[in-house]
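A.B. asks: model the structure of this input:
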Amino acid sequence: MALAPEEPELVQLLTPEGELVEHPDYRVDFSDEELRGLYRDLALVRRIDAEATALQRQGELGIWASLLGQEAAQIGSGRAMGPNDHVFPTYREHGVAWCRGVDPLNLLGLFRGVDMGGWDPEEHHFHLYTIVIGAQTLHAVGYAMGLQRDGMVGDGGPELTGAAVAYFGDGATSQGDVNEAFIWASVFQAPVVFFCQNNQWAISEPLERQTRIPLYQRASGFGFPGVRVDGNDVLATYAVTQAALARAREGSGPTFIEAYTYRMGAHTTSDDPTRYRIAAEVEAWKLKDPIERLRSFLIRTGKADQDWFEALEEESNQLAKHIRAGCLDMPDPSPMTMFDHVYVDPHKPLANQREQFAAYLASFESTSEEHS
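C.D. replies: Residues are numbered from 1 along each chain as shown. Have a look, this model is predicted:
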């Protein structure tokens, strides 16, 4: 087994060529079946992403935020979580949603505009998508502090304890909310993992205009550890996240993980990345593709054969059919449903708005009757 590359600030267990390397602090011990399971996750999540992008281009979704290239960061961290860990995502964590058991059609329903996210956050321990950049980091810290007060932090292991995980991108680190979340988490030793997917671009803003130092080093200024992991290495991402979650659950406080990865697609389907980045950069990162990396390892070590890959391809095709048919079959909601599930308890201003909107809709019915 080769030694890890001379790049101590980047945790890597699987090279872009699909070779295992050693790291002094992080390691994994997966069975062959578990390794194939990780590859299955990566492949199916990429297929979900491709189908959703195609549906948007066909006018079936209003917009879509692709995760192309970031699958390993999301699957590795998502599979490292325990049953009581709670996720606070942005709008791109489709792979983490998959790991937490959220039906992909629920994601599409949000982007199709037929609901506001059709999954139960408590059932899946996966919060609703957050569009406001960085706001979810504060939500995560508040939830983590609640876990402390509910006695969910200690040495009972993942089955008895829990932590919060806040996902965000490199651009969000410039937001005030994110830095305030760092302060609160540090001061209160909150059991939270800040998981930054550094995909190199905050829409059209490159990383060098976001920071003068590696992002993970910012954590030390707030009083908690930071680590940079190869975000295209699903094994390393799993190991680093697992360690950070264990630290949070035992009461040692927050950790900042910088998953160093790349957004191979557009920021969203409304974006044209060719206007601000060169093709050579994209091609260079394609050589680090997280799925091809694990595939090479499985083939080289004989942990998966051609029959297995073909069976997975057929499963992928069936999933794609399910997504396309399910998306097209989604019923258009009544306009009045926009007032549902906004507040848990009765809310007078919302009730007034509901009443006014109902009268507005009724006015069209009366006008139609007059003309008929």
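A.B. asks: distance from the helix or strand containing Y167 to the middle of the chain?
C.D. replies: Assigning secondary structure by DSSP states H and E places Y167 in strand 164-169. A distance of 8 Å separates the centroid of the chain from that of strand 164-169, by CA atoms, centre = their mean, to the nearest Å.
A.B. asks: quick one: name whatever helix or strand follows that strand.
C.D. replies: Following strand 164-169 in sequence, per DSSP H and E, is helix 176-187.
A.B. asks: can I get that next one in PDB, CA atoms only?
C.D. replies: Extracted as PDB, the C-alpha positions of helix 176-187 are listed here (Å, rounded to 0.1, in the frame of the first residue of the first chain):
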ATOM      1  CA  GLY A 176     -22.600  37.000   8.500                       C
ATOM      2  CA  ASP A 177     -25.000  34.300   9.600                       C
ATOM      3  CA  VAL A 178     -22.400  31.600   9.100                       C
ATOM      4  CA  ASN A 179     -19.800  33.400  11.100                       C
ATOM      5  CA  GLU A 180     -22.300  34.100  13.900                       C
ATOM      6  CA  ALA A 181     -23.100  30.400  13.900                       C
ATOM      7  CA  PHE A 182     -19.400  29.700  14.300                       C
ATOM      8  CA  ILE A 183     -19.300  32.000  17.400                       C
ATOM      9  CA  TRP A 184     -22.400  30.500  19.100                       C
ATOM     10  CA  ALA A 185     -21.300  26.900  18.400                       C
ATOM     11  CA  SER A 186     -17.800  27.500  19.800                       C
ATOM     12  CA  VAL A 187     -18.900  29.400  22.900                       C
END
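A.B. asks: distance of the closest residue to R354 other than its chain neighbours relative to Q353?
C.D. replies: Among residues not flanking R354 along the chain, F339 sits closest, at 4.5 Å (CB to CB, 6 or more residues apart in numbering). C-beta coordinates here come from the backbone N, C-alpha and C atoms, glycine included. For F339, the distance to Q353 equals 7 Å [CB to CB, to the nearest Å].
A.B. asks: kindly report the same for L235.
C.D. replies: Counting by CB to CB, the gap from L235 to Q353 is 50 Å.
A.B. asks: more crowded one of these two?
C.D. replies: Comparing L235 with Q353 by other CB atoms under 10 Å, the one with more neighbours is L235, at 26 against 14.
A.B. asks: does that one touch V28 like I think?
C.D. replies: Yes - when contacts are counted by CB atoms under 8 Å, L235 is listed as touching V28 (5.1 Å).
A.B. asks: give me the common contacts of those two.
C.D. replies: Shared contacts of L235 and V28 (CB atoms under 8 Å, 6 or more residues apart in numbering): L13.
A.B. asks: show me how the chain divides into domains.
C.D. replies: 32-329, 337-371 (automatic domain parsing).
A.B. asks: chain center to the longest one, what's the gap?
C.D. replies: When distances are taken as CA atoms, centre = their mean, domain 32-329 is centred 2 Å away from the chain's centroid.
A.B. asks: pLDDT averaged over that domain, what's the number?
C.D. replies: Throughout domain 32-329, pLDDT has a mean value of 96.
A.B. asks: residue boundaries of the strands in the stretch 101-250 of the chain?
C.D. replies: Remark: strands assigned in the stretch 101-250 of the chain by DSSP state E, counting those that start in this stretch are 164-169, 192-198, 201-202, 205-206, 226-230.
A.B. asks: with mean neighbour count and distance to M81 added, can I get those strands in CSV?
C.D. replies: Converted to CSV, the strands of the stretch 101-250 of the chain look like this (neighbours: other CB atoms under 10 Å; distance: least, CB to CB, whole Å):
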stretch, mean neighbour count, distance to M81
strand 164-169, 28, 7
strand 192-198, 29, 9
strand 201-202, 21, 26
strand 205-206, 14, 30
strand 226-230, 25, 16
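A.B. asks: can I get the ones you listed in CSV with distance to G154?
C.D. replies: Converted to CSV, these look like this (distance: least, CB to CB, whole Å):
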stretch, distance to G154
strand 164-169, 16
strand 192-198, 16
strand 201-202, 38
strand 205-206, 41
strand 226-230, 23
